[in-house]
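>>> model this:
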Amino acid sequence: MAFGLEAVSPVEFVLNSPRVENFNSNTSQEGLNFHNIFLEEVRDEAAAKVLQHQERTAAYFNKKVKVKRFLIGDLVLRESAASQPTVTGKFKAPWEGPYQVTDIVAPKTYRLAQLDETPVKNTWNGIHLKKFYQ
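I've put the predicted structure just below:
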C-alpha cells in the first residue's frame, strides 16, 4: 500500500473489474503529481479554516465570561474545589474564607492572606474567588 493510492483486491484482478480494466499508469501518475503539487495549498486552506473556527469559538466563549477584578484589601471567598480538589462530599462547603487580597501578581491573579494577616501559600486565579460582603 502506498500513500494516496487505493488497494486493489485479488478478486478484482481475477474478475477484471472496471477499475482494473480502465487503469492507465500514465494518467494515474499525472493525477498523483497534480495532487502533490496542490497538497500544500490544501493544507494551508485547512489550517486557515481551523484557525478561523478557533477564533469564533473563543469569541463565543469569551462573550459569556464575566471578568472579576479585586483590589488590594478586598475581602474574598475562595472556591473549596480549587484549594482541595480531592476532598469532596455532598455537605462540603463550596466556599472558604473570608480572605484578604494582599497583592495583585498579574491580571486576574492574586495573593491572599487570612484575616489575621497570615499569608496563604499559593497565588489564586480570579475565577476561583468571589467578593465577600459583610
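>>> for the longest helix along the chain, what is the average pLDDT?
When the chain is parsed with DSSP state H, its longest helix is helix 39-62. For helix 39-62, mean pLDDT is 92.
>>> Show me how far that helix is from its chain's centre.
With Cα atoms, centre = their mean, to the nearest Å as the basis, helix 39-62 stands 14 Å off its chain's centre.
>>> Could I get the CA-only coordinates of it as PDB?
Output of helix 39-62 as PDB, limited to C-alpha atoms (Å, rounded to 0.1, in the frame of the first residue of the first chain):
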ATOM      1  CA  LEU A  39      -1.200  19.400  -1.400                       C
ATOM      2  CA  GLU A  40       0.400  22.400   0.400                       C
ATOM      3  CA  GLU A  41      -2.400  24.700  -0.700                       C
ATOM      4  CA  VAL A  42      -5.000  22.300   0.600                       C
ATOM      5  CA  ARG A  43      -3.100  22.100   3.900                       C
ATOM      6  CA  ASP A  44      -2.900  25.900   4.100                       C
ATOM      7  CA  GLU A  45      -6.600  26.300   3.500                       C
ATOM      8  CA  ALA A  46      -7.400  23.700   6.100                       C
ATOM      9  CA  ALA A  47      -5.100  25.400   8.700                       C
ATOM     10  CA  ALA A  48      -6.800  28.700   7.900                       C
ATOM     11  CA  LYS A  49     -10.300  27.200   8.500                       C
ATOM     12  CA  VAL A  50      -9.200  25.600  11.800                       C
ATOM     13  CA  LEU A  51      -7.800  29.000  12.900                       C
ATOM     14  CA  GLN A  52     -11.000  30.800  11.900                       C
ATOM     15  CA  HIS A  53     -13.100  28.200  13.800                       C
ATOM     16  CA  GLN A  54     -10.900  28.500  16.900                       C
ATOM     17  CA  GLU A  55     -11.300  32.300  16.800                       C
ATOM     18  CA  ARG A  56     -15.100  32.000  16.500                       C
ATOM     19  CA  THR A  57     -15.200  29.500  19.400                       C
ATOM     20  CA  ALA A  58     -13.100  31.700  21.600                       C
ATOM     21  CA  ALA A  59     -15.200  34.800  20.800                       C
ATOM     22  CA  TYR A  60     -18.400  32.800  21.600                       C
ATOM     23  CA  PHE A  61     -16.900  31.600  24.900                       C
ATOM     24  CA  ASN A  62     -15.400  35.000  25.900                       C
END
